[in-house]
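Chemist: sharing a model prediction with you, sequence too.
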Amino acid sequence: MENKTQVLLAGCFYMYPMRLTKYDVKLTKQGITFNELPQKKNVLKTQKSIHFGDVVGCRCKKGKSEKDPSAYFSIFSYQFKGKSKRKRSKYEYSFGLCDFQNFEDNLKVCQKWRNVIVCLSRNIVVNINEVEFCTLPPSPTVLVLINPRSGPGKAQQIFESTVKPMLDDADIVYKILITEYAGHASDVVKTLKLEDYSGLVIVSGDGLIYEVINGLMSRKDWAKAIKFPIGCLPGGSGNAMCCSINYLAGEPMDPDMVLHSAFILIKHRILPIDLVLLQTPTDQIYSFLSVAWGIIADIDYESEKLRSIGSTRFVLYTIMRIIKLRTYRARISFLPVSDQKLKENGKSSKSVKFARPRRYTIFSNDSNQEALNSVYEVGCVGKFKSLDEGDLRIRSQSMPANMSGYMTRGEKPKNSLTSKSDNKLSEENEDEENEDEDSGHHSGDDALNGEVENGLVDFNLNSTTDEVFEDSVDETISTISDSTDPVPSPLLSPLDKDVPKTWTTVEDDFVTALAIYLPYLGPENLVSPDSKLNDGCIHLMLVRKGVSKNDLMKIFLDFTTGEHINSPACEVIKCLAFRIVPLTEKGNIMVDGERIDYGPIQGQILPGLARIMAIQ
């Protein structure tokens, strides 16, 4: 059994630049502890610690004086400040050494400490017999796309003031590209040499993420390209992806969401994320967030004129649209993941709670299994199997060895498999599993792996996701890696044909319909609290005509906590596919915050197709 408290390195250092006080410093796999050496006998000093989970980087330095032979290493840590633990703050700890008469010998000791610290902060295992030979891992290289016009127009300022210093602390090499026009990001990724970078970082709102994903999916090598790791930092009005990543990682969103998102970006693992294939009468597109119709779409689109005030625009237009309430008629169909049913006439008085789905689980029932297997096979996900404890394996990952030729930092343009949270979620799903067994339906312990092929890996060199691919997945991927065909959609009938008989259809007057697959729709809008990055299902929320304005206002207010799902007027159902056919002539349909042509739209889940930089 791994001993995380075993001392790997120990030494006596001073805290730079105060040389008079010496500290006893010990390094374990968990972190560093240090305490002041007492000047008198029997005088105990308080021990302080630095946890590697908070450390983003370490750097060796030389004293300011040329005659000074001392060397020191500085640790950059972002720790929670105060008892509330609502915000991380930067701490720099500099440990100096002057045991030798020349700088080179002192530096050699500091470099050994630095190498071990950087490896352990990136989840690279270092054993006690490897300390003397531990080398510094290569610096990852990322392409940073910044949209200067997103939201309030402060994305570039956000990067320069907050993100850039953190990337420098973490020794991450980056190239900056400022987008110049709508669709620029899509054009860039269509021809981008993916092998030149370890990932792509987007500083913008959700619109640029939408562009990038659809640009990657339009490539001839889309099956390989869509696995290119994407990271995101909040620079827009909505920032639903960033909010969702922070929420699932347990990181605060307020205050200073940018700092916490940048921390996640640096400390991330590469995780699979669901996409949804959407079809309209004229197009096929790929969505990572939501499809909105009715009042939610109206608020999103009509508030565009107030984009300069940021997320406040959504609040103002929510009030306006509730006061001047519109209703729309539509025929809505969906393929449920189990025998879930809509509330009768949308007026049930009973509060319904939806249990949190287990991570990486695909829900299905026997009647839909054949179609689902087809999705998983061709959609780069592969068939799944239920994993016993003995089936779990760890696949280590390594950075590309050839880092030469990368852009220099700041160049301007032109291993535990089960965590505490796993156990908690498992307990929360116990009742749900029993209900599934009693009803004859199955929710398997099917799993996805975060491994990324072709050398495109995360900064945490030996990190893994919690589960693993079935062995045949790599073969499946290799057979379609050069495919130029569109992603198949076996769950969907042509839009001009009826939906399959296994679907549920309801025609009624609605206030809104929202298909969402991430927890957050925007700041303070926890619309789908049960959603995960890759739970393999779409959460369809319906609000029908007849809801009072007071109840509707309460639903929107409850978005901050997610309690709206217990409103009798709010219907939420998990599905694998859906279709919305508007029967009212005028209206808005928004896909990931982008307006598309008004008309029929349908979509199906593509489980774990893309890759995201996150912590879950």
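Modeler: Sure, I can see it. This is a predicted model, so every value here is computed, not measured.

Chemist: by residue count, what's the longest helix in the protein?
Modeler: Longest helix in the chain, counting residues (DSSP state H): helix 103-121.

Chemist: hmm, who's touching that one?
Modeler: Around helix 103-121, the neighbours that count as contacts under CB atoms under 8 Å, 6 or more residues apart in numbering are 8-9, 11, 27, 29, 32, 52, 55-60, 62, 68-73, 75, 95, 97-100, 126, 131-132, 134-137, 171, 461. In this view, the C-beta of every residue, glycine as well, is placed from N, C-alpha and C.

Chemist: buried only: go through those residues for me.
Modeler: With neighbours counted by 16 or more other CB atoms under 10 Å, those contain buried members at 8-9, 11, 27, 29, 32, 52, 55-60, 69-73, 75, 95, 97-98, 126, 131, 134, 137, 171, 461.

Chemist: among those residues, name the ones in strands.
Modeler: Among those, the members falling in strands are 9, 11, 27, 32, 55-60, 71-73, 75, 95, 97 (criterion: DSSP state E).

Chemist: okay, residue 488: pLDDT?
Modeler: The per-residue pLDDT reported for residue 488 equals 86.

Chemist: what about it, distance to residue 606?
Modeler: Taken as CB to CB, to the nearest Å, the spacing of residue 488 relative to residue 606 amounts to 10 Å.

Chemist: out of those two, which sits in the more crowded spot?
Modeler: In terms of neighbours (other CB atoms under 10 Å), residue 606 is the more surrounded of residue 488 and residue 606; the figures are 26 against 15.

Chemist: wait, isn't that one in contact with residue 273?
Modeler: No: no contact is recorded between residue 606 and residue 273 when judged using CB atoms under 8 Å, the distance being 9.9 Å.

Chemist: per the record, what domains does this structure have?
Modeler: By the assignment in automatic domain parsing, the chain contains the domains 9-135+424-458, 141-273, 284-387+483-608.

Chemist: for residue 615, which of the ones you listed is the nearest?
Modeler: domain 141-273 (3.9 Å; CB to CB).

Chemist: now do the same end-to-end measure for the closest one.
Modeler: 22 Å (CA to CA, to the nearest Å).

Chemist: returning to that earlier point: closest to residue 614 out of the domains of the chain?
Modeler: Residue 614 lies closest to domain 141-273 among these, at 4.6 Å (CB to CB).

Chemist: and which of the ones in strands among the buried ones among the contacts of helix 103-121 is nearest residue 89?
Modeler: The closest of those to residue 89 turns out to be residue 56 (CB to CB; 12.7 Å).

Chemist: would you agree residue 24 is in contact with residue 32?
Modeler: No: judged on CB under 8 Å, residue 24 makes no contact with residue 32 at a distance of 11.1 Å.

Chemist: count of residues packed around residue 325?
Modeler: Residue 325 is flanked by 13 other residues according to other CB under 10 Å.

Chemist: check contacts around the residue nearest to it when sequence neighbours are not counted.
Modeler: For residue 325, ignoring the flanking residues on the chain, the nearest one in space by CB to CB, 6 or more residues apart in numbering is residue 549 at 6.3 Å. Contacts for residue 549 were tallied using CB under 8 Å, 6+ apart; they are 322, 323, 325.

Chemist: for residue 549, grab phi and psi.
Modeler: phi -60, psi -30 (degrees, to the nearest 10).

Chemist: report pLDDT for it.
Modeler: In this model, residue 549 is scored at 93, pLDDT.

Chemist: and what of residue 209?
Modeler: At residue 209, the pLDDT recorded in the model is 96.

Chemist: host element of it?
Modeler: When secondary structure is defined using DSSP states H and E, the element that contains residue 209 is helix 206-217.

Chemist: any idea which helix or strand comes after that helix?
Modeler: Sequence-wise, the next helix or strand beyond helix 206-217 is helix 222-225, with elements assigned using DSSP H and E.

Chemist: what's that following helix packed up against?
Modeler: With contacts taken as 3 or more CB pairs under 8 Å, 6 or more residues apart in numbering; DSSP states H and E, helix 222-225 sits against helix 206-217, helix 473-480.

Chemist: weakest of those helices by average pLDDT?
Modeler: Set side by side, the helices and strands packed on helix 222-225 show their lowest mean pLDDT on helix 473-480, which sits at a mean of 33.

Chemist: give the buried residues for the very next helix or strand once past that helix.
Modeler: Beyond helix 473-480 in the direction of the C-terminus, DSSP H and E gives the next helix or strand as strand 504-516. By neighbour count with 16+ other CB under 10 Å, strand 504-516 contains the buried residues 504, 506, 508, 510, 511, 512, 513, 514, 515, 516.

Chemist: right, and residue 267 touches residue 613 too?
Modeler: No: in this structure, residue 267 sits apart from residue 613 without contact. The criterion is CB under 8 Å, and the distance is 9.5 Å.

Chemist: and residue 249, what is it in contact with?
Modeler: Contacts for residue 249 (CB under 8 Å, 6+ apart) come out as 264, 614, 615, 616.

Chemist: check residue 16 too.
Modeler: 63, 72, 74, 94, 95, 96.

Chemist: which residue, other than its chain neighbours, is closest to residue 37?
Modeler: With CB to CB, 6+ apart as the criterion, residue 37 has its nearest non-adjacent residue at 4.8 Å, and that residue is residue 22.

Chemist: helices or strands next to the helix or strand where the one you found lies in the packing?
Modeler: Element membership of residue 22, judged by DSSP H and E, is strand 18-27. Taking 3+ CB pairs under 8 Å, 6+ apart as contact, the helices and strands that strand 18-27 lies on are strand 9-15, strand 31-36, strand 88-97, helix 103-121.

Chemist: swap the cut-off to 6 Å and go again
Modeler: The elements that strand 18-27 packs onto, with contact taken as 3 or more CB pairs under 6 Å, 6 or more residues apart in numbering; DSSP states H and E, are strand 9-15, strand 31-36.

Chemist: mean neighbour count, those: which tops it?
Modeler: The highest mean neighbour count among these belongs to strand 31-36 (a mean of 19), with neighbours defined as mean count of other CB atoms under 10 Å.

Chemist: direction included, what does that one pair against?
Modeler: Using DSSP bridges, the neighbouring strands of strand 31-36 in the sheet come out as strand 18-27 (antiparallel), strand 48-51 (antiparallel).

Chemist: alpha carbons only: can I get it in CSV?
Modeler: Output of strand 31-36 as CSV, limited to C-alpha atoms (Å, rounded to 0.1, in the frame of the first residue of the first chain):
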residue,chain,number,x,y,z
GLY,A,31,3.0,18.0,0.2
ILE,A,32,5.6,20.0,2.1
THR,A,33,5.7,20.7,5.9
PHE,A,34,8.1,23.2,7.4
ASN,A,35,8.6,24.6,10.9
GLU,A,36,11.0,27.1,12.4
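
Chemist: okay, the angle between the helix or strand containing residue 241 and helix 206-217?
Modeler: Secondary structure assignment for residue 241, by DSSP H and E: helix 240-249. Here the directions of helix 240-249 and helix 206-217 differ by 90 degrees (axes from the mean of the first three to the mean of the last three CA atoms, to 10 degrees).

Chemist: give the rounded mean pLDDT of helix 240-249.
Modeler: In this model, helix 240-249 carries a mean pLDDT of 94.

Chemist: equivalent analysis for stretch 493-501, please.
Modeler: Stretch 493-501 shows an average pLDDT of 95 in the prediction.

Chemist: do stretch 275-288 as well
Modeler: On average, the pLDDT along stretch 275-288 is 96.

Chemist: now for residue 161, how many residues are close by?
Modeler: The local packing count at residue 161 equals 11, with neighbours defined by other CB under 10 Å.

Chemist: got the phi/psi numbers for it?
Modeler: Dihedral angles of residue 161 (phi, psi; degrees, to the nearest 10) stand at phi -80, psi -40.
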